[in-house]
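Trainee: Sequence and predicted structure, then a few things I'm wondering about:
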Amino acid sequence: MLLLNVEKVLKNTTLSFKRKGIASPGLDAETLLSCYLKTDRPGLYMNFERLITDEELKWFSRWVERRKGGEPVAYIVGRKEFWSLTFEVTSGVLVPRPETEFLVEEVLGLCSDTNDHNMNVLEIGTGSGAISVAIASELEKVRIVATDIVEDVITLARKNAENNGVTGRIDFLRGNLFEPVSGKFDIIIANPPYISEEEFAQLPPEVRDFEPREALLAGSEGTEFHHDLIAEGSRYLKHGGWLLMELGAGQKDAIESMLGKNTAYDSIGFRTDYAGIERIVRARRRLVG
Ligand SMILES: C[S@@+](CC[C@H](N)C(=O)[O-])C[C@H]1O[C@@H](n2cnc3c(N)ncnc32)[C@H](O)[C@@H]1O
């Protein structure tokens, strides 16, 4: 029987993804095959002639079929890069998105503005732990409390902290929003669920059918969590501390209005992502009042 080499398997897989209408067929094929062969993408190209055994092909074909069925690559390979770190992901957590790295940048920016690297940070809804672990990897002295409502998610986030060598800097707690938290923080961050019920039906099947609903859905307007984080967050922020949240396309006005009406905050600002969408909001807990 004729054995296929890496180059041929890559070509065939890319072609079958293209035919299926997958948005990034070449990249997905490379990521799957390199993870399957326990190498990286350059490693694939350096081993184009390596033969793939029948047994390997049989198992790899299952991954290809899962991808063709719409399952995100990250769930198939069980990991995702974020902030140049590797995070284990399961179908119980949101796959960390590149635009969420802006939240990490904002926190690093605030720490360098104030030249205070001993900040107390609270993250609500930590998922894979990507944001908190990335911050802890950059700031040695930071103390972080990270929460999530799902127990299994907390277990995975803890594991990701351990795998990335920042275990001692993050306390992971399970609970609803601020319920498991006490004390006051310099910074509160959240990438909360922000998809409205109407938008949920329009999501690409890859997201809608595979990512956890509790990580996505946020009531009829998609701003339910922002509302609660703004309303309750001021009690957990030190005066002069910052609330930072990710938001969805088209949610700026609603969130600006919520913050504007709440006298606990000032210095409200937005940051756009590479697509020009207002993606991050920041607001300061007033110095007095
Ligand atoms: C959009 S995901 C963000 C995950 C991760 N921080 C990230 O950026 O990749 C939102 C997270 O909030 C969690 N969550 C949902 N409702 C919550 C609640 N009431 N209290 C705390 N966490 C909640 C979900 O389980 C999910 O992990």
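Mentor: Yep, that arrived.
Trainee: Need the three-state assignment for the residue positioned nearest the centre of the chain.
Mentor: Taking Cα atoms, centre = their mean, the centroid of the chain lies closest to residue 96, which sits 2.4 Å from it. Recorded secondary structure, residue 96: coil (DSSP: H, G, I helix; E, B strand; the rest coil).
Trainee: Test my guess that it contacts residue 79.
Mentor: No: applying Cβ atoms under 8 Å as the test, residue 96 and residue 79 come out as separate, 10.4 Å apart. C-beta: built from backbone N, CA, C; applies to glycine.
Trainee: And the contacts of stretch 96-112?
Mentor: 80, 82-83, 87, 89, 117, 119, 121, 127-128, 130-131, 134-135, 138-139, 142, 187, 189, 191, 242, 244, 246, 271, 273-274, 279-280, 282 (Cβ atoms under 8 Å, 6 or more residues apart in numbering).
Trainee: Return a ChimeraX selection command for the buried portion of those residues.
Mentor: In ChimeraX, this line selects whichever of those come out buried by 16 or more other Cβ atoms under 10 Å:
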select :80,82,83,87,89,119,121,127,128,130,131,134,135,138,139,142,187,189,191,242,244,246,271,273,279,280,282
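Trainee: Now narrow the contacts of stretch 96-112 to whatever sits close to the ligand.
Mentor: Among those, the residues that sit close to the ligand (Cβ under 6 Å from any ligand atom) are 127, 128, 130, 131, 191.
Trainee: Just confirm the fourth one is within a helix.
Mentor: So the one you mean is residue 131. Yes: counting by three-state DSSP, residue 131 is part of a helix.
Trainee: what does the stretch 151-289 of the chain put close to the ligand?
Mentor: Residues of the stretch 151-289 of the chain lying near the ligand (Cβ under 6 Å from any ligand atom): 153, 176, 177, 191, 192, 193, 214, 215.
Trainee: What is the burial count for the third one?
Mentor: Right, the one you point to is residue 177. Using other Cβ atoms under 10 Å, residue 177 has 18 other residues around it.
Trainee: need the residues of the stretch 1-150 of the chain near the ligand, please.
Mentor: So the stretch 1-150 of the chain meets the ligand at 93-94, 96, 100, 124-128, 130-131, 147-150 (Cβ under 6 Å from any ligand atom).
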